[in-house]
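>>> have a look; sequence and predicted model below, questions after that.
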Amino acid sequence: EAQVTQNPRYLITVTGKKLTVTCSQNMNHEYMSWYRQDPGLGLRQIYYSMNVEVTDKGDVPEGYKVSRKEKRNFPLILESPSPNQTSLYFCASRRGRSEQETQYFGPGTRLLVL
Amino acid sequence: QQQVKQSPQSLIVQKGGISIINCAYENTAFDYFPWYQQFPGKGPALLIAIRPDVSEKKEGRFTISFNKSAKQFSLHIMDSQPGDSATYFCAASVQGAQKLVFGQGTRLTINP
């Protein structure tokens, strides 16, 4: 089954404790992206990657890091989480470079930073 | 600053009625306008999309109406069903920008 998977689905952590949210897709997609969803704000892009070793900032990159060492994986790293990073996070992928191609979203990771 | 403004935030419609969700934008460079549907505990999924060279696109009970001069577009759900209860997001993109800009979302509830 073609899908985007994220782990963990739920995470409670404390301020300053480094964490990684994994994202993997099995569709051989070139493009991957991370979004955060907050009430009243919709989804906002954090980082995206056009291909292996090619990443760039989205609208809200502060406090986040990403890497793309393999085509299928695009982990999101919070090196020193803060309470304002409490949110619902989605990884997404699409086949190629065009924004008009369908983006496929993962099931989400709900993060609480105490 | 929200580049795509969506309304209403929540909407309750009776089964069989028409659900209407509106979005407005400022950036005239936007050239692709998708709608995403999100069920609780799931990620958003593409529902229907339109490009600005057409004024309307219909897929089953779902229709996008697009008004380029007013910089507005809307989603109409005809014969709304309880299974349509979900959060709906409009979005927009500019060719080459490598991102979707989302509206705030509308929580739609269809009462049986």
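Yep, it's here.
>>> hang on, isn't A:V113 packed against A:K18?
No: look at A:V113 against A:K18 with Cβ atoms under 8 Å: they stay out of range, at 11.7 Å. Heads up, the C-betas are built off the backbone N, CA and C, glycines and all.
>>> now the helices for chain B?
With DSSP state H, there are no helices along chain B.
>>> and the closest residue to chain A within it, how many residues sit next to it?
Nearest to chain A, among the residues of chain B, is B:G43, at 3.2 Å (Cβ to the nearest Cβ). Using other Cβ atoms under 10 Å in any protein chain shown as the criterion, B:G43 is surrounded by 23 other residues.
>>> with the one 4 residues further on instead?
Summarising burial for B:L47: neighbours were counted as other Cβ under 10 Å, giving 19.
>>> pretty sure it sits against B:Q38.
No: assessed by Cβ under 8 Å, B:L47 is found out of contact with B:Q38, at 9.6 Å.
>>> may I have the beta-bridge partners of B:S10?
Assessed by DSSP bridges, B:S10 has beta-bridge partners B:R107.
>>> show the model's pLDDT score for it.
For B:S10, the pLDDT comes out at 97.
>>> you'd agree it is up against B:Y88?
No: with contact defined as Cβ under 8 Å, B:S10 does not count as touching B:Y88 (10.8 Å).
>>> comparing those two, which residue is more hemmed in?
B:Y88 (24 against 10).
>>> isn't that one up against B:L46?
No: counting by Cβ under 8 Å, B:Y88 stays clear of B:L46, with 11.6 Å between them.
>>> mutual contacts of the two, please.
Counting by Cβ atoms under 8 Å, 6 or more residues apart in numbering or on different chains, the shared contacts of B:Y88 and B:L46 are B:W35, B:Y36.
>>> now do the strands in the chain.
Here I'm looking at chain A. A:4-7, A:10-13, A:19-25, A:31-38, A:42-51, A:54-57, A:65-66, A:76-78, A:87-94, A:104-105, A:109-113 (DSSP state E).
>>> my question was about chain B, not that one.
Under DSSP E, chain B gives strands at B:4-7, B:10-14, B:19-25, B:33-38, B:45-50, B:56-59, B:62-67, B:72-77, B:86-92, B:101-102, B:106-111.
>>> for the second one, list every residue counted as buried.
Think strand B:10-14. By 16 or more other Cβ atoms under 10 Å in any protein chain shown, the buried positions in strand B:10-14 come out as B:L11, B:V13.
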